[in-house]
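In: Got a predicted structure here, sequence first:
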Amino acid sequence: MTSVYSYQKSWGVLKKVWETLVETLVEDYAIIMRRDPAAKNWLEVLFLYPGPQAIILYRIAHLLHNLDIVFLPRFISHLARFLTGIEIHPGAVIGKGVFIDHGMGVVIGETAVVGDYCLLYQGVTLGGTGKETGKRHPTLGSNVTVGAGAKILGNINIGDRVRVGAITVVLKDVPSNSTVVGIPGRIIPNRDKECLNYK
């Protein structure tokens, strides 16, 4: 027989998870209002921006995925892709304040990790190379900006405050505070000392 203490403990864990989820979603929306000059109000962002819609559905699917529920998280992910054009695997780990701008064609693989306050534009792929097992998708640090159509492939690390140019293909690690462009991606010197912090 389950004790009252066990129920109270379970309720406490569930309450903490719920509070964290709500706090993260609030930050996800707040970052859009700070970063996007076209965002006029919360209602517009909630109903007309595909990025936040995909993130909300991802966060629900990810929560269920972490509870080892098999079918429902993938179904939610599939539904999100149908509604928004953005495919995020429920197993991916996405930090708070992540903004997917425009979003159509964004793909985030199962073992990808996206740090806090990253900005991804349309057509970005955080994918695998097909040659790896286990951890096979990239890890992005915090405050990373990934330009439209960029492909970051394989189990590689992209440091904090990195800028990835549009249509760049990144196949190797990129250190923090760098800019990478081209096919294949190459690091170019940063002439400005501006630090990209979006908190």
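Out: Cool, got the structure. Numbering: from 1, shown residues only.
In: Q53 falls within a helix, correct?
Out: Yes: assigned with DSSP: H, G, I helix; E, B strand; the rest coil, Q53 falls within a helix.
In: pretty sure it is touching F82, no?
Out: No: with contacts defined as C-beta atoms under 8 Å, Q53 does not count as touching F82, sitting 11.4 Å away. (C-beta placed from N, C-alpha, C; glycine too.)
In: Could you check which of these two has the larger neighbour count?
Out: Each of Q53 and F82 has its neighbours counted (other C-beta atoms under 10 Å); Q53 has more, 19 against 9.
In: show me the contacts for that one.
Out: Neighbouring residues of Q53 by C-beta atoms under 8 Å, 6 or more residues apart in numbering: 46, 80, 83-84.
In: ok, which stretches of the chain are helices?
Out: Along the chain, counting by DSSP state H, helices occupy 4-35, 42-48, 50-66, 71-84.
In: where does this structure dip in pLDDT?
Out: 1-14, 190-199 (pLDDT under 70).
In: center of it, which residue is that?
Out: Against the mean C-alpha coordinate of the chain, by C-alpha atoms, centre = their mean, the closest residue is I94 at 4.2 Å.
In: Leaving out sequence neighbours, find the closest residue to that residue.
Out: V114 (4.6 Å; C-beta to C-beta, 6 or more residues apart in numbering).
In: Would you mind measuring from the nearest residue to G105 once chain neighbours are set aside to T168?
Out: Among residues not flanking G105 along the chain, G123 sits closest, at 4.3 Å (C-beta to C-beta, 6+ apart). Relative to T168, G123 is positioned 11 Å away (C-beta to C-beta, to the nearest Å).
In: Could you name every residue contacting both of those two?
Out: A150.
In: Thought G95 was touching S142, still the case?
Out: Yes: S142 is within contact range of G95, at 7.0 Å (criterion: C-beta under 8 Å).
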